[in-house]
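S.K.: sequence? don't have it. structure:
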């Protein structure tokens, strides 16, 4: 594997350390219980960026479990996704068992020598390309991606919520396409933002599980030009997602009223979390409607106190003063979080070394 120094630091710290199974991603409470066996149950898991409001789907029809999905059913799912996102006619939708499956396939389908990832971000992108033998660079500016074979932008970014404007994405996609190269835009956390979906000359990833609170369903999508979509579809095979995932996905994607109502509830819940973090002396670094990133000089001690109290949040080895919090949607959970932070954090706010800003959901 070939890394530059910034990639090595990002891979070591972006999602919790080495690539031990289960250690690189949030949501695995077995690790929390192993590290903190005396913590009270039940754990409050704030380590992911998953919607706390799970979509209230109807039970899939029995035949979704007893027969293989038909091609027409898969087409209906992809059509529902395209309609939900108001895609341009030239864009194609490809359903997959989660966007991580697509991320893992990309180096095999689009070999590249030079890959650039914008900023400190979701580490799997850098990891899979480096594993393929590509030289991977973490860059600080969109313009530095123009000379790459593959450029990757997580938008909004995980973990800080940074957003690259659509016109800049479009210009970069045009530049790369003229050179026969590829722009990958990971919109895993974009569903509750007002920005549009899809770039005709880029490969865009959409995570169903995060937006609809159903990560265990393993459903995600690629939005891509026809030639890119054909390669992805061939790689994923005849039955890329289950019949149950198709039934639930179609129902949810057609329910725009639920999405709008959930967006409003999340905004209120996020504001409540912002108030808790501010009162505890954290500095706002950014976020999305599904998570907040905050900083404090004593973040490792706060992480320890939270874990000992049965609250699991995301920490970053390469950014030890950062903590990322998912959005709690119950007052009892907020009270539990508030109590722990009040007991360990408020007195440190006078000494923080960060600019004082209000929390904003998509401002890094």
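M.R.: Perfect, thanks for sending it. If you're wondering where the values come from, they're calculated on a predicted model, not measured in any experiment.
S.K.: can you list the weak-confidence ranges in this protein?
M.R.: 1-24, 195-198, 345-364 (pLDDT under 70).
S.K.: now do the helices in the stretch 201-350 of the chain.
M.R.: Assigned by DSSP state H, counting those that start in this stretch, the helices in the stretch 201-350 of the chain fall at 208-211, 226-236, 243-253, 256-279, 299-308, 331-344.
S.K.: of these, which is nearest residue 167?
M.R.: Closest approach to residue 167 among the helices of the stretch 201-350 of the chain is made by helix 226-236 (21.7 Å; Cβ to Cβ). Bear in mind the C-beta positions are built from the backbone N, C-alpha and C, glycine included.
S.K.: please point out which parts of the closest one sit buried.
M.R.: 228, 229, 231, 232, 233, 235, 236 (16 or more other Cβ atoms under 10 Å).
S.K.: widest-spaced pair of the residues you listed?
M.R.: Top of the distance list for these (Cβ to Cβ): 228 and 236, 12.7 Å.
S.K.: and the residue nearest to residue 182 when sequence neighbours are not counted, how far from residue 41?
M.R.: Residue nearest to residue 182 in three dimensions, not counting chain neighbours: residue 150, with 5.0 Å by Cβ to Cβ, 6 or more residues apart in numbering. Distance, residue 150 to residue 41, by Cβ to Cβ, to the nearest Å: 44 Å.
S.K.: related to what we said a few turns ago, mind checking the helices of the stretch 201-350 of the chain for the one nearest to residue 90?
M.R.: Using Cβ to Cβ, the helices of the stretch 201-350 of the chain put helix 226-236 closest to residue 90, at 7.3 Å.
S.K.: who touches the closest one?
M.R.: Residues outside helix 226-236 that contact it (Cβ atoms under 8 Å, 6 or more residues apart in numbering): 90, 92-94, 96-97, 101-102, 105, 108-110, 182, 203, 222, 224, 240.
S.K.: give me the number of residues near the nearest residue to residue 51 once chain neighbours are set aside?
M.R.: Nearest residue to residue 51 in three dimensions, chain neighbours excluded: residue 213, at 3.9 Å (Cβ to Cβ, 6+ apart). The local packing of residue 213 (other Cβ atoms under 10 Å) involves 20 other residues.
S.K.: kindly report the same for residue 186.
M.R.: Residue 186: 26 neighbours (other Cβ under 10 Å).
S.K.: got phi/psi on it?
M.R.: Main-chain torsions, residue 186, degrees, to the nearest 10: phi -90, psi 110.
S.K.: surely it and residue 156 touch.
M.R.: No. Counting by Cβ atoms under 8 Å, residue 156 is not a contact partner of residue 186; they are 9.5 Å apart.
S.K.: before we move on, the earlier item: so the residue nearest to residue 51 touches residue 48, yeah?
M.R.: No. With contact defined as Cβ under 8 Å, residue 213 does not count as touching residue 48 (10.2 Å).
S.K.: just say which of the helices of the stretch 201-350 of the chain is most tucked in.
M.R.: helix 208-211 (a mean of 24; mean count of other Cβ atoms under 10 Å).
S.K.: before we move on, the earlier item: so the residue nearest to residue 182 bridges to which residues?
M.R.: Counting by DSSP bridges, residue 150 is bridged to residue 115, residue 182.
S.K.: residue 139 too?
M.R.: Beta-bridge partners of residue 139, as defined by DSSP bridges: residue 118.
S.K.: mind putting the helices of the stretch 201-350 of the chain into JSON lines with distance to residue 117?
M.R.: Shown next, in JSON lines, are the helices of the stretch 201-350 of the chain (distance: least, Cβ to Cβ, whole Å):
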{"stretch": "helix 208-211", "distance to residue 117": "20"}
{"stretch": "helix 226-236", "distance to residue 117": "19"}
{"stretch": "helix 243-253", "distance to residue 117": "29"}
{"stretch": "helix 256-279", "distance to residue 117": "27"}
{"stretch": "helix 299-308", "distance to residue 117": "24"}
{"stretch": "helix 331-344", "distance to residue 117": "32"}
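S.K.: nice, that's everything, thank you.
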